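In: Build me a model from this:
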Amino acid sequence: MNTTENKAPEPFKPTPEMIAAAEAVFVAVAFEETTRPIVEGYKRKILAEREWHMAPDTRASMRRTGDKPIDTRITDIRYAWLMSDADFAEYACLCNAARIAAKLVVESEAHCPLSVAEEITRQAKRKLCDVMADVSGVDIEKIRMMKIEHYEHYVDLTLRLLAPFVASAAVASKS
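Out: I've put the predicted structure just below:
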């Protein structure tokens, strides 16, 4: 007869700080996902309305490295940074006017609303990782060494763990 008893582990009970951190990530991601199509839409439109090209020194640099001939026209918003300073200043001015027309508010005209939203999401995820370190055993040093896809998977699993508690806390606060 076995005299040792197998006890069930204690159910996970997150702290209020853990719940708040998960809720902050959910809100940040929602903000980013609603901002993204607006900002990317007006940026694509601005790029399509006229021809924007890579800065001459960028083109020359690419030719020197032996790359095959490239189309120097910038049609993808990810490559707007390749414009000359003067073109980029004009592009940024047009983007700012479009931002204002879209009623997106930022602290400074130099800030892109999508970049701000992405930074808020990064900070919220970092805070979540910090508050969960004691539970998960994954500290900031381990996180820095992770591949991005592993980090995103870790955050996703953490949010799945905490989501029921976020929902419960929201319902409890409304009562």
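In: For the strand or helix carrying R160, which helices and strands make contact with it?
Out: Element membership for R160, per DSSP states H and E: helix 148-174. Identification of packing neighbours for helix 148-174 by 3 or more C-beta pairs under 8 Å, 6 or more residues apart in numbering; DSSP states H and E yields helix 16-49, helix 113-136. Where you see a C-beta, it was placed from the backbone N, CA and C, and this is true even at glycine.
In: Low-confidence stretches in this structure?
Out: Within the chain, the ranges that satisfy pLDDT under 70 run 1-4, 60-71, 168-175.
In: What's the separation between the residue nearest to the spatial centre of it and A89?
Out: When C-alpha atoms, centre = their mean is applied to the chain, the residue found nearest the centroid is E118 (3.3 Å). Going from E118 to A89 by C-beta to C-beta, to the nearest Å gives 22 Å.
In: ok, back up a step: can you put the helices and strands packed on helix 148-174 in CSV and add distance to L94?
Out: What follows is those, written out as CSV (distance: least, C-beta to C-beta, whole Å):
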stretch, distance to L94
helix 16-49, 5
helix 113-136, 15
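In: Of the ones you listed, give the one that comes closest to C95.
Out: Closest approach to C95 among those is made by helix 16-49 (6.0 Å; C-beta to C-beta).
In: by how many degrees do that closest one and helix 113-136 diverge?
Out: Interaxial angle of helix 16-49 relative to helix 113-136 (axes from the mean of the first three to the mean of the last three C-alpha atoms, to 10 degrees): 150 degrees.
In: What count of nearby residues applies to Y151?
Out: Y151 is flanked by 17 other residues according to other C-beta atoms under 10 Å.
In: ok, now which ones touch it?
Out: Shown in contact with Y151 (C-beta atoms under 8 Å, 6 or more residues apart in numbering): I143.
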